[in-house]
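In: Fold the following for me, if possible:
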Amino acid sequence: MAKEVGGELMNIVVVGPGAIGCAVAASIGSKGSSVYLLGREYHKEHFTKNPAVFKTKDDEISSEVTPITIDDLTKDNIKPDAVLITLKANFTIEFMKELENHIPHDTFIVSLQNGLIAQDIYDQTAFKNVIACVVGFNIFTESIGVAVQASAGDIVIGRVMDDHFGTETGDVPEFILEQLNLAAPTSISSNITSDVWMKLMINSTINPICALGNLTLGELYMQADALKLALWVWKELVHVVDALKLKLNPFQGQLHANMLYTYDIISYGISRTVVYRMTGLHGDAIVSMLQDLRAGKTTEIDFLNGRVVEIGKKYKVDMPINELLIKNIKKLENGDSKPSKGYLKKIYRDLVLA
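Out: Residues are numbered from 1 along each chain as shown. A predicted model of the protein is given here:
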């Protein structure tokens, strides 16, 4: 039975007991809502005996959750008010197609994921009450069921609409704002498409370069080759945004897209300062793509740089640097080499000498 929060009875299903999933499950559950944490059988066994835990900079939040598998939704007649998706983009659409068989199609779906996956859910599944999110903090998994905050940040949310590019978002239910606000300060965007694209550009720049170079976010701006590669990647991404005629909101009110579009040594210096401001709060954070490579998992490169390259081709935008990053990330996925500063330096050197 759901418990009362803010005057409403809430049943929240969180899909994916990884870092983000445990963080939001622990935060929401600790304040009253009934939280169902959907994972695999071994997750179900773990959370039957143990709470979901979120270790923030100032506190440790712990909450009992109800562990379930996808089949339990139907078997136990669970009627969620919202489903929060924290899966890797690689597995999302296949999962959502299966989810169509278990919950009403008017259920609110909240995508706490990288890239354009919220739009994909809207376009490719029966669910049309889809909320996109931009997550501005970094979290990692300490152990099964335990999420640790590596850096602080906020959440920006907005309703996905028919128009992919630039339509103002529709209404977001107050209860979703209320629930997410328990995990991090949350606000509603007037144009979530813009915010999602800005975060996509940031992730597509920072993630593969840090992953290839085995760099923390704080190390990125310290290495000249890494920073120059980041600027070249960013230019290509801006070309795609321009082709789409997107007007981007500045990220967290500070980072404008053209601030990293550099041509000379003076603007390079400015860009170094901008990247420092962008990554400084997250200095010791390890990007998810590097975490995946270290764990021997497939990365989300196809849903970040790969997706933008795909769109760029439709608009005849050449993206050789992004394509090069994709190629090298896949080499690392295949075990052909390991992430290292030397590996990144070789990529940069080969580009300069080409």
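
In: Which residues are in contact with residue 11?
Out: By C-beta atoms under 8 Å, 6 or more residues apart in numbering, residue 11 lies in contact with 2, 33, 34, 36, 78, 79, 80, 81. To be clear about C-beta, it is placed using only N, CA and C from the backbone, and glycine gets the same treatment.

In: Going by neighbour count, which of those residues comes out on top?
Out: For these, the largest neighbour count, defined by other C-beta atoms under 10 Å, is 27 neighbours, found at residue 33.

In: shouldn't it be in contact with residue 176?
Out: No. The pair residue 33 / residue 176 is not scored as a contact, 11.4 Å apart, by C-beta atoms under 8 Å.

In: Could you measure from the nearest residue to residue 96 once chain neighbours are set aside over to residue 64?
Out: Spatial nearest neighbour of residue 96, chain neighbours left out: residue 125 (4.5 Å); criterion: C-beta to C-beta, 6 or more residues apart in numbering. Taking C-beta to C-beta, to the nearest Å as the criterion, residue 125 is separated from residue 64 by 31 Å.

In: Residue 71: helix or strand, and which one exactly?
Out: Residue 71 belongs to helix 70-75 when assigned by DSSP states H and E.

In: Can you show me the CA trace of that helix as CSV?
Out: The C-alpha coordinates for helix 70-75 follow below in CSV (Å, rounded to 0.1, in the frame of the first residue of the first chain):
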residue,chain,number,x,y,z
ILE,A,70,9.3,-7.1,-14.3
ASP,A,71,6.9,-10.1,-14.1
ASP,A,72,5.9,-9.1,-10.5
LEU,A,73,4.3,-6.0,-11.8
THR,A,74,1.5,-8.1,-13.3
LYS,A,75,1.6,-10.9,-10.8
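
In: That helix: which residues count as buried?
Out: 70, 72, 73 (16 or more other C-beta atoms under 10 Å).

In: for the record, mean pLDDT for that helix?
Out: Averaged over helix 70-75, pLDDT sits at 95.

In: Report all helices and strands that that helix contacts.
Out: Helix 70-75 sits against strand 34-38, helix 92-99, with contacts defined as 3 or more C-beta pairs under 8 Å, 6 or more residues apart in numbering; DSSP states H and E.

In: May I see the buried residues of the helix or strand just after that helix?
Out: Using DSSP H and E, the next helix or strand after helix 70-75 towards the C-terminus is strand 82-85. Buried residues in strand 82-85, defined by neighbour count with 16+ other C-beta under 10 Å: 82, 83, 84, 85.

In: ok, the third one to residue 156 distance?
Out: Going back to what we said before, that points to residue 84. Residue 84 sits 15 Å away from residue 156, going by C-beta to C-beta.

In: Domain parsing of this protein, as residue ranges.
Out: 3-190, 195-353 (automatic domain parsing).

In: Where among those is average confidence lowest?
Out: For these, mean pLDDT drops lowest on domain 195-353, to a mean of 84.

In: Endpoints of it, how far apart?
Out: End-to-end distance for domain 195-353, by C-alpha to C-alpha, to the nearest Å: 36 Å.

In: Then stretch 181-194?
Out: Note: stretch 181-194 ends 21 Å apart using C-alpha to C-alpha.

In: now swap in stretch 98-106 and tell me
Out: From its first residue to its last, stretch 98-106 covers 15 Å (C-alpha to C-alpha).

In: Contacts for it, please.
Out: Contacts of stretch 98-106 (C-beta under 8 Å, 6+ apart): 13, 70-71, 73-74, 78-80, 83, 125-129.

In: what's the offset of it from the middle of its chain?
Out: 23 Å (C-alpha atoms, centre = their mean, to the nearest Å).

In: how about that stretch: buried residues?
Out: Of all the residues in stretch 98-106, those buried under the rule 16+ other C-beta under 10 Å are 99, 102, 103.

In: ok, now stretch 309-319?
Out: For stretch 309-319, the neighbour count (16+ other C-beta under 10 Å) marks 309, 311, 312, 317, 319 as buried.

In: so which of the buried residues of helix 70-75 would you say is closest to residue 304?
Out: residue 70 (26.2 Å; C-beta to C-beta).

In: Settle this for me: the closest one is touching residue 39, isn't it.
Out: No. The criterion here is C-beta under 8 Å, and residue 70 misses it with residue 39 at 9.4 Å.

In: for residue 240, what are its contacts?
Out: 308, 311, 312, 315, 317, 319.

In: Tell me which of those fall in helices.
Out: Secondary structure defined by DSSP state H assigns 308, 311, 312 of the contacts of residue 240 to helices.

In: OK, contacts around the first one?
Out: The neighbours of residue 308, taking C-beta under 8 Å, 6+ apart as the test, are 200, 201, 204, 237, 240, 319, 322.
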